[in-house]
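Undergrad: Give me the fold of what follows.
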Amino acid sequence: MSITAPRLQNMANAIRVLSMDAVQAANSGHPGMPMGMADVATVLFSKFLKFDPAQPRWPDRDRFILSAGHGSMLIYSLLHLTGYEQPTIEDIKNFRQLHSVCAGHPENFELPGVECTTGPLGQGLAMSVGFAIAERHLNAQFGDDLVDHKTFVIAGDGCIMEGINHEAIGLAGHLKLGRLVVLWDDNRITIDGDTDLSTSEDVAARYTATGWHVVSCDGHDFADIERAIAEAVADPRPSLVACRTIIGKGAPNKQGGHSVHGSPLGDAEVAAARGELGWSLPPFELPADILGDWRNVGALGKTAAVDWAARVAASDKGAELLRRMNGELPDQTEVQATFDAWLEGNQKVATRKASQLALEVLTAHVPEMVGGSADLTGSNLTDTKSTKPFGPQDYSGRYVYYGIREFGMAAAMNGMALHGGIIPYGGTFLVFSDYCRNAIRMSAIQRAKVVYVLTHDSIGLGEDGPTHQPIEHVMSMRMIPNLEVFRPADVIETAEAWQLAIANEGRPSVLALTRQNLPQLRHSGPNLTAKGAYRLAAATVQRKVVIVATGSEVEIAMATRAALEAQGVGADVVSMPSMSRFLEQDAAYKAEVLPADVLKVSIEAGTTFGWERITGLDGLRFGIDTFGASAPAPALYDYFGLTAEKIAPQILAALQN
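TA: Numbers count the residues shown, from 1 in each chain. Take a look at the predicted model:
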């Protein structure tokens, strides 16, 4: 489709006007980036991007990611102009208002066409690496006819400066993800002022050093923009296109300065911009010819989408691709039979090893599972016989060696999950979840089915000491809304947790797993972990105590129960692999498991903070509210008072009082 430069300019100005009008109406927002990148976005959407607004979830569409999410009016304008069902002009008028689909930062669950939620700078670009990994992996498995698309990103100076950028581009360059193109809004402005206040690095040289192709262009010259993007698309390496732009372009008195970054232009400057752009219509009104040009751009991908659907229907691989892209699990009969057989066994293994045993079964039957680790494969035990390495030599592989890039790994897994067709899981030590915490939070916000395998989950890891021993981490993970945290007690609960995690639509999961071996405590089904907590052992005499424990401390709870029962004190043990899942159960079930007329006790080798929800203020909470120490695990458990010999007397004393 050939569009003259004057018409392209009018199309770009439509983005500028919609953006400044919406920000002005909301009296809140960031007009500078959408106005500065309007020309680049117009060229991208009209000449390169493969998409169909009528089929926003078309699996083989190109992915467009606005990493600079503060400039959300750019994508809202583009979606409206190209003919997506939403946002409507009324939605745009309600920009940044309660329940508006046009939120302050773009949210993937609000609008088709928004591939991922962005706002925390750098993460959109880092997620794009995961999108590109997913595309190459599915292409290797299903071929060019069914999977052949690109990932385009608009990123700002903040995305380039954030530390996660180093992790993301290093991984993308190493994996030679040539279908990834990043358009850098090189306006040299941040909130504080000119970028030379805070940085003097050679960004192009840094990207080149990591294996990227780098090209630059005048971000306000349509022909030059087209040339640069065409070069990037043609190059086999991931590409950075440095688009030299003027922030807030079109606002004659404020463009080029930092004041236009994150504040409305003001009525006077909006009026001046209208004059500068030759735009006479009132706010939120668009000339029919300009809107018509944009709608024609939106129609360009319709034929490609129809042709793709025909190829899928004719392919013997089409149904399998659609199954994966629709998030439907394959038949689990054999998986369930294998796990049921484990109930008859007596496996004493660390739950990290139990996880690997479960993964051996699951990855053999669920081909969309793609694993990895942040350089701790031998410790996390996340590899299996079915997951050969993923890389430029073989993109069909199902195991990504992320290197020491915890944050980058987590963000990439978000991208893989949001792309569709993949269930990503990745491992690191639980204590290093701090390195990737914001990406885990973004998993939860975006409702992405990502599984975090976080091993070495307590003082039970032993001699590595307090720098490596999690204390607050499990409970802090539980504090993140929509994140399910499993801390299984044995091989059975671990397998059950994995089954629940890969079936958790719209919800990421954490598996907190031990380094030390644990006995098998469960020998009967069905999946009791699905209730979040359940009575593992019942009192044999009148119940006076309910001991609630998780993970490695369930074994301690069982020994404590034995000590109490030997003295005639009836005690239940409740295993609670998922606190959030238990709290979601109905009141009757919770009252059955935790009756009101007994002393409630919790045991977990971490902070006691938060356990009041389970024990009540008058219950007992055994844990660790200091940092750990360096010693063998048994010595540490004794030192911190987490043994039956030290817990049982305190329970007896509480009952007597």
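
Undergrad: what helices or strands is the longest helix seen in the chain leaning on?
TA: Using DSSP state H to define each element, the chain has its longest helix at helix 5-26. The elements that helix 5-26 packs onto, with contact taken as 3 or more C-beta pairs under 8 Å, 6 or more residues apart in numbering; DSSP states H and E, are helix 32-47, helix 73-82, helix 89-93, helix 222-234, helix 267-277, helix 288-299. C-beta coordinates here come from the backbone N, C-alpha and C atoms, glycine included.

Undergrad: Can you give me the buried ones in it?
TA: Residues of helix 5-26 classed as buried: 8-26 (neighbour count, 16 or more other C-beta atoms under 10 Å).

Undergrad: Turn the helices and strands packed on helix 5-26 into CSV, including distance to G170 and mean pLDDT.
TA: Output for the helices and strands packed on helix 5-26, formatted as CSV (distance: least, C-beta to C-beta, whole Å; pLDDT from 0 to 100):
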stretch, distance to G170, mean pLDDT
helix 32-47, 25, 98
helix 73-82, 27, 98
helix 89-93, 38, 98
helix 222-234, 19, 98
helix 267-277, 40, 98
helix 288-299, 35, 98
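
Undergrad: Could you dump the ones you listed into CSV with distance to S575 and mean neighbour count added?
TA: What follows is these, written out as CSV (distance: least, C-beta to C-beta, whole Å; neighbours: other C-beta atoms under 10 Å):
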stretch, distance to S575, mean neighbour count
helix 32-47, 50, 27
helix 73-82, 46, 26
helix 89-93, 47, 17
helix 222-234, 53, 18
helix 267-277, 61, 16
helix 288-299, 54, 16
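
Undergrad: Once you drop chain neighbours, what's closest to T210?
TA: G173 (3.9 Å; C-beta to C-beta, 6 or more residues apart in numbering).

Undergrad: residues in contact with the one you found?
TA: Residues counted as contacts of G173 (C-beta atoms under 8 Å, 6 or more residues apart in numbering) are Y207, T210, G211, W212, R237, P238.

Undergrad: most surrounded residue in these?
TA: Counting neighbours by other C-beta atoms under 10 Å, P238 leads the contacts of G173 with 29 neighbours.

Undergrad: T151 is in contact with F48, correct?
TA: No - under the criterion of C-beta atoms under 8 Å, F48 makes no contact with T151, lying 11.9 Å away.

Undergrad: Now the common contact residues for the two.
TA: Joint contacts of F48 and T151 (C-beta under 8 Å, 6+ apart) are D62.

Undergrad: who's more crowded, those two?
TA: With neighbours defined as other C-beta under 10 Å, F48 and T151 compare such that T151 has more, 26 against 18.

Undergrad: Just to check, that one is in contact with I133?
TA: No - taking contacts as C-beta under 8 Å, T151 lies outside contact range of I133: 9.7 Å.

Undergrad: What count of nearby residues applies to Q393?
TA: Neighbour tally, Q393, other C-beta under 10 Å: 8.

Undergrad: next one: T550
TA: Quick note: T550 (other C-beta under 10 Å) scores 29 neighbours.

Undergrad: go on, R561?
TA: Using other C-beta under 10 Å as the criterion, the residues surrounding R561 number 27.

Undergrad: Hmm, it is touching V574, no?
TA: No - when contacts are counted by C-beta under 8 Å, R561 is not listed as touching V574 (10.4 Å).

Undergrad: which residues do those two both contact?
TA: Joint contacts of R561 and V574 (C-beta under 8 Å, 6+ apart) are I547.

Undergrad: Confirm V182 sits in a strand?
TA: Yes - according to DSSP: H, G, I helix; E, B strand; the rest coil, the state of V182 is that of a strand.

Undergrad: sec struct for the closest residue to it other than its chain neighbours, please.
TA: Residue nearest to V182 in three dimensions, not counting chain neighbours: V153, with 4.5 Å by C-beta to C-beta, 6+ apart. Look at V153: counting by three-state DSSP, its state is strand.

Undergrad: do D597 as well
TA: coil.

Undergrad: From R543, how far off is it?
TA: Per C-beta to C-beta, to the nearest Å, D597 is found 9 Å from R543.

Undergrad: so the residue nearest to V182 touches D185, yeah?
TA: No - contact between V153 and D185 fails when scored by C-beta under 8 Å: they sit 10.5 Å apart.

Undergrad: List the buried residues in stretch 139-147.
TA: Neighbour counts over stretch 139-147 (16+ other C-beta under 10 Å) mark N139, Q141, F142, D145, L146, V147 as buried.

Undergrad: same question, stretch 634-643
TA: For stretch 634-643, using 16+ other C-beta under 10 Å, the buried residues are L636, Y637, F640, L642, T643.

Undergrad: my guess is the third one meets A605, correct?
TA: Which is F640. Yes - using C-beta under 8 Å, F640 makes contact with A605 at a distance of 7.5 Å.

Undergrad: what's the overlap in contacts for the two?
TA: Common neighbours of F640 and A605 (C-beta under 8 Å, 6+ apart) are I459, I624.

Undergrad: elements contacting the strand or helix carrying M558?
TA: Secondary structure assigned from DSSP states H and E places M558 in helix 553-566. Judged by 3+ C-beta pairs under 8 Å, 6+ apart, helix 553-566 is in contact with strand 534-537, strand 543-549, strand 570-575, strand 599-603, helix 644-656.

Undergrad: again, only this time at 6 Å
TA: strand 543-549, strand 570-575, strand 599-603, helix 644-656 (3 or more C-beta pairs under 6 Å, 6 or more residues apart in numbering; DSSP states H and E).

Undergrad: Residues contacting that helix, please?
TA: 489, 518, 537, 540, 547, 549, 571, 573, 575, 603-605, 644, 647-648 (C-beta atoms under 6 Å, 6 or more residues apart in numbering).

Undergrad: average pLDDT for it?
TA: The average pLDDT for helix 553-566 rounds to 98.

Undergrad: Nearest residue to Y637 in space, please, no chain neighbours.
TA: Nearest one to Y637, counting by C-beta to C-beta, 6+ apart, is T643 at 5.8 Å.

Undergrad: Low-confidence ranges, this protein, go.
TA: Regions of the chain meeting the criterion pLDDT under 70 cover residues 1.

Undergrad: The same query, at a cut-off of 90, please.
TA: Applying pLDDT under 90 to the chain flags the ranges 1-2, 525, 657.

Undergrad: the helices in the stretch 301-450 of the chain, which residues?
TA: 302-314, 318-325, 333-342, 351-365, 377-380, 406-419, 437-446 (DSSP state H, counting those that start in this stretch).

Undergrad: Could you list every helix and strand that the fourth one packs against?
TA: So that's helix 351-365. For helix 351-365, the packing partners by 3+ C-beta pairs under 6 Å, 6+ apart come out as helix 333-342, helix 491-503, strand 509-513.

Undergrad: From these, pick the one with the highest average neighbour count.
TA: Across the helices and strands packed on helix 351-365, averaging neighbours per residue (mean count of other C-beta atoms under 10 Å) puts strand 509-513 on top, at a mean of 28.

Undergrad: name the helices or strands packed onto that one?
TA: Secondary-structure packing of strand 509-513 (3+ C-beta pairs under 6 Å, 6+ apart): helix 351-365, strand 451-455, strand 484-486.

Undergrad: how about JSON lines for these, with distance to D331 and mean neighbour count added?
TA: Shown next, in JSON lines, are these (distance: least, C-beta to C-beta, whole Å; neighbours: other C-beta under 10 Å):
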{"stretch": "helix 351-365", "distance to D331": "8", "mean neighbour count": "23"}
{"stretch": "strand 451-455", "distance to D331": "20", "mean neighbour count": "27"}
{"stretch": "strand 484-486", "distance to D331": "24", "mean neighbour count": "26"}
